[in-house]
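> got a predicted structure here, sequence first:
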Amino acid sequence: MRRGCEEMKHLKVIPENCTGCLSCMLVCSFKHFKYFDLSKSRISVSRDDEFARFNPTVCILCEDKYCVESCPVGALSVHPEKGYILLDDEKCVSCKVCVSSCPYDGVKWDEDEGKPLFCDMCGGDPECVKHCKFAEALIVVP
Amino acid sequence: MDGSYKGRVILIDLSSGSIKVESLSGEYLTKYGGGRGAAAKILWDEVDETIEAMEPENIMIFSTGVLTGTHAPMSGRSTVTSKSPATGRYFKTSVGGHWGLALKMAGYDHIVIKGKADKPVYIYITPENVEIRDASSCWGKGVKATNRIIKNETSPEVEIACIGPAGENGVKFASIMFSYYNAAARGGIGSVMGSKNLKAIAVVGDRGRVSVVDPENFQKIVERVREELYNDTDAYTLHLCGTGATTDWLSDMSILPSYNFKRGKFPGAYYLTGKYLREAGYLKRKVGCAACIYACHRFTTVDEGPYAGTYSGGPEYETLSSFGSGCGVSDIELVLKANEISNDMGMDTISAGVAIQWAMECYERGIITKEDTGGIDLSWGSPEALTTLLEQIAKKEGFGKILAEGLKRASEIVGKDSWKWAVESRGLEHSRVETRGAFGYALAFALNPRGPDHLHTEVLAEFGLKEESRKVIKKITGSEEYAKPYLIEKRAEIVKWHEEIYAVTDSAGLCAFTSTASFGVDEEALAKMYTYATGYKFSPETIMKIGRRTVTLERCYNIREGHTRKDDTLPWRIMNEVQEDLLDKQPEKPVVSQEVLNKMLDDYYELVGWDKETGWPRPDTLRELGLDFCIDPIWKRGDRR
């Protein structure tokens, strides 16, 4: 059971609805970096094309905040109003513990910068959801 | 060039093993629109009339779209351009999936392949490297197995375009299968790949990058296009039910090609719909090509009964109609099995089905008997025809060997009057549109440089089924009154507009469901997306001129091969026989007579500046389009007339 933080607006993923189009990843990269690079997306979709199994993973602003708890240098915190994860670039030592600590595969890794990528809900109006209107694999709740 | 099209080409000569990377000049983008248009120019330059399709000197051009790699909706399509072994002429086949996205991310816009490897090989491309690898592990294998093997040998992230046994064996309608189940289906281009001993092109692009020149404005136009596409009347139906959404409606309207185009109605049509696939539980997943917001592609399985264990992508409408109503089959599980066989063997489901239904009619008429078929029952609806015979075609065994030559040749071999119900022209099997029921389609099919097929000039708008299509017809002709499929008037204008916009839609890497079937992308939107993505200035007028130039260059290519006005034709049955289920509101026989076609062709030639006697673009027309280099090869050769 993947539970997002109930009080905070967050992304809900419905994997069986995912069509594997990767629009979300392209859109996410473009929104944050102004170019298209699948490895720069805060959401990722694993694909098994032979059996059409697609599984998107993204930070769902979970209740438990394993990443924050496990960060050895205290570089992660929770945005007080929006509920998403904030990274303190200065403190981060690129140890990747946050990535491995997340049971939802919700933390992505920026190879160029050596820093984690967390979904920030595009500030509250996520772009990826707008390209997933029919499939509804990604929806905003509550 | 900056932005989403850089004109970067990988040139591979399989004979020598040489691999080079070159950049095209800006003209390939500004004059030809990149993608399909640029490929048409490359084919014109590299493969003239002295080179046969299956000779090593023929080339294959794999092209990504100019917008592929961006989030422009439905921008993930690619094209493959070559000389076709089925028609002996220019051929472009377009395809979805994720392969084009991977190639673009790896940093390339086109791959041009010539020569022939001395043993089976595949090409492996990463952002850092291009190499030719031994393919002995997967030669002879089906498409699914080939994907698995190459993934094991390379990377789990790899995107693969490959041929199956049909392409290796030179079947005249062998396809190239992308991302497992997306087919670059038509024209036997898979056999060109097989003739080069090339099994696959595997690409890893997931660490690459694509940019646009003006991100802010690009975002704005993408938002506009996205919302218009969502709002199209048919959009959600396409998501829910796929391209087979309306098979039953077509039957109700008596325009569902059935029993080898003898009839327009099919009693079991409901079982051949996307609705039924959903309701009966065969549909397991709606699948989207790269950057698609509709996801009309399907993934289906059969879980019980004689075909339990069947799984594949699709079936699309064309397949449902070709193997279903066309062959007198209402058993959807049999259609799903035939679809799986064709996809895994790497065969075009349209041509395979049209060839089989022709054989069924021969069987019904007693021209072919069980002695000829090696015991296979070819009665209408026969399960053996869609299983055993299909596999025989791919392997070129038994009676399948004759059908594997394509309908034109097969009807010559079988002889008698069988050519009359061989629903092909110029070597290409007619796709699943009742052209006797839609004159714009009939004209488009007759003019189509690849032969009688819908996916080059989709003129669905002429039916005027929804507000969006009536608006398009009004824009083209000045009145919604012309949004009727049984008119001769204004068909030339309607076809011309669709040819032009669809050429650029293809070059952009966009799907037909953006500009000519559903609507959201018009010439203005294309101009803006091209401008903001590439940094070159495009206007709606230059976009349409690029489209006209592309279509004209493809025409000139065929003329250099010997094409004249008499080749702008349709299958004999379409021009001479009435289908049996005509409704009162449909016109009387013969629906697309030579007279009707001649009138529409005259109108069209006049409109686009082609000579009416020869059907060749006039020198002044070619000069106006900047295609001066075509004038002498066409007009200085008197022996072509």
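Great, that's in hand.
> okay, and the beta partners of the residue positioned nearest the centre of chain A?
Centroid-nearest residue in chain A, with Cα atoms, centre = their mean: residue A:58, separated by 3.0 Å. Beta-bridge partners recorded for residue A:58 (DSSP bridges): residue A:43.
> and the gap between it and chain B?
16 Å (Cβ to the nearest Cβ, to the nearest Å). For glycine as for every other residue, the C-beta is placed from the backbone atoms N, C-alpha and C.
> quick one, domains of chain A?
Chain A breaks down by automatic domain parsing into domains covering A:11-58+A:119-142, A:63-117.
> so for residue B:213, which of those sits nearest?
domain A:11-58+A:119-142 (10.9 Å; Cβ to Cβ).
> what about the chain, any weak spots by pLDDT?
All of this is about chain A. Along chain A, segments meeting pLDDT under 70 span A:1-7.
> oops, wrong one, chain B.
Chain B contains residues with pLDDT under 70 at B:588-590, B:638-641.
> most remote residue from chain B's center?
residue B:371 (35.3 Å).
> tell me the contacts of residue B:90?
B:40, B:43, B:81, B:83-84, B:449-450, B:554, B:557-558, B:561 (Cβ atoms under 8 Å, 6 or more residues apart in numbering or on different chains).
> now render those as a markdown table, adding secondary structure and neighbour count.
Below are those laid out as a markdown table (DSSP: H, G, I helix; E, B strand; the rest coil; neighbours: other Cβ atoms under 10 Å in any protein chain shown):
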| residue | secondary structure | neighbour count |
| --- | --- | --- |
| B:40 | helix | 30 |
| B:43 | helix | 24 |
| B:81 | strand | 30 |
| B:83 | strand | 28 |
| B:84 | coil | 27 |
| B:449 | coil | 26 |
| B:450 | coil | 23 |
| B:554 | helix | 28 |
| B:557 | helix | 24 |
| B:558 | helix | 21 |
| B:561 | coil | 17 |
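> near chain A, from those residues?
Among these, no residue lies close to chain A (Cβ under 8 Å from any Cβ of the partner chain).
> adding distance to residue A:29, write the residues you listed out as JSON lines.
Listed next are those as JSON lines, based on distance: Cβ to Cβ, whole Å:
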{"residue": "B:40", "distance to residue A:29": "32"}
{"residue": "B:43", "distance to residue A:29": "34"}
{"residue": "B:81", "distance to residue A:29": "30"}
{"residue": "B:83", "distance to residue A:29": "38"}
{"residue": "B:84", "distance to residue A:29": "38"}
{"residue": "B:449", "distance to residue A:29": "37"}
{"residue": "B:450", "distance to residue A:29": "36"}
{"residue": "B:554", "distance to residue A:29": "35"}
{"residue": "B:557", "distance to residue A:29": "39"}
{"residue": "B:558", "distance to residue A:29": "42"}
{"residue": "B:561", "distance to residue A:29": "44"}
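> out of those residues, who's nearest residue B:487?
Distances from residue B:487 to the contacts of residue B:90, taken by Cβ to Cβ, are shortest for residue B:449, at 24.6 Å.
> show me which residues of chain A sit near chain B.
Residues of chain A lying near chain B (Cβ under 8 Å from any Cβ): A:16, A:19-23, A:26-27, A:30, A:34-39, A:47, A:49-54, A:111, A:130-135.
> which of these fall within strands?
A:47, A:53-54 (DSSP state E).
> looking at the residues you listed, spot the one nearest residue B:312.
Among these, and counting by Cβ to Cβ, the member closest to residue B:312 is residue A:53, at 14.5 Å.
> so that closest one touches residue A:47, yeah?
Yes. The pair residue A:53 / residue A:47 is scored as a contact, 7.5 Å apart, by Cβ atoms under 8 Å.
> those two - which one has more neighbours?
Per other Cβ atoms under 10 Å in any protein chain shown, whichever of residue A:53 and residue A:47 has more neighbours is residue A:47, with 22 against 16.
> the more buried one and residue A:25 touch, don't they?
No. Between residue A:47 and residue A:25 there is no contact under Cβ under 8 Å: 10.8 Å.
> all helices of the stretch 451-600 of chain B, in order?
Under the criterion DSSP state H, counting those that start in this stretch, the stretch 451-600 of chain B contains helices at B:467-477, B:491-508, B:512-515, B:523-534, B:540-560, B:572-576, B:594-608.
> ugh, wrong one, chain A
A:23-33, A:66-70, A:97-101, A:127-130 (DSSP state H).
> okay, now the residue in the stretch 251-400 of chain B positioned nearest to chain A: neighbour count?
At 3.0 Å from chain A, residue B:288 is the closest residue in the stretch 251-400 of chain B, using Cβ to the nearest Cβ. Look at residue B:288: counted by other Cβ under 10 Å, it has 30 neighbours.
> same deal with residue A:132?
25.
> now swap in residue B:374 and tell me
Other residues close to residue B:374 by other Cβ under 10 Å number 13.
> do the same with residue B:136
11.
> that one touches residue B:120, doesn't it?
Yes. The pair residue B:136 / residue B:120 is scored as a contact, 6.0 Å apart, by Cβ under 8 Å.
> if I look at residue B:404, how far off is chain A?
Taken as Cβ to the nearest Cβ, the span from residue B:404 to chain A is 27 Å.
> please, which helix or strand holds the residue farthest from the centre of chain B?
helix B:370-373 (DSSP states H and E).
> centre of the chain to that helix, how far?
Offset of helix B:370-373 from its chain centre (Cα atoms, centre = their mean, to the nearest Å): 33 Å.
> same check, this time on stretch B:520-538
24 Å.
> cool, stretch B:112-128 as well?
24 Å.
> start and end of it, how far apart?
End-to-end distance for stretch B:112-128, by Cα to Cα, to the nearest Å: 18 Å.
> hmm, that stretch touching chain A?
No. Stretch B:112-128 does not reach chain A (Cβ under 8 Å from any Cβ); its nearest approach is 11.0 Å.
> one more: stretch B:242-261?
No. Stretch B:242-261 is not in contact with chain A by Cβ under 8 Å from any Cβ; minimum separation 11.4 Å.
> count of neighbours near the residue of chain A found nearest chain B?
The minimum distance from chain A to chain B, using Cβ to the nearest Cβ, falls at residue A:21 (3.0 Å). Look at residue A:21: counted by other Cβ under 10 Å, it has 32 neighbours.
> skipping adjacent residues, who's closest to it in space?
residue B:288 (3.0 Å; Cβ to Cβ, 6 or more residues apart in numbering or on different chains).
> and residue B:174, by the same measure?
Nearest one to residue B:174, counting by Cβ to Cβ, 6+ apart, is residue B:190 at 3.3 Å.
> make sure the one you found is indeed in a helix.
Yes. Checked against DSSP: H, G, I helix; E, B strand; the rest coil, residue B:190 lies within a helix.
> and residue 136, what does it touch?
Because you didn't say which chain, this covers chain A. In this structure, residue A:136 makes contact with A:14, A:17, judged by Cβ under 8 Å, 6+ apart.
> wrong chain, I was asking about chain B
Neighbours of residue B:136 in contact, by Cβ under 8 Å, 6+ apart: B:119-120.
> helix, strand, or coil at it?
Classification of residue B:136 by three-state DSSP places it in coil.
> distance check, it against chain A.
Counting by Cβ to the nearest Cβ, the separation of residue B:136 from chain A is 22 Å.
> thinking again about what came up before, the residue nearest to the centre of chain A and residue A:120 touch, don't they?
No. Counting by Cβ under 8 Å, residue A:58 does not reach residue A:120; the two are 10.9 Å apart.
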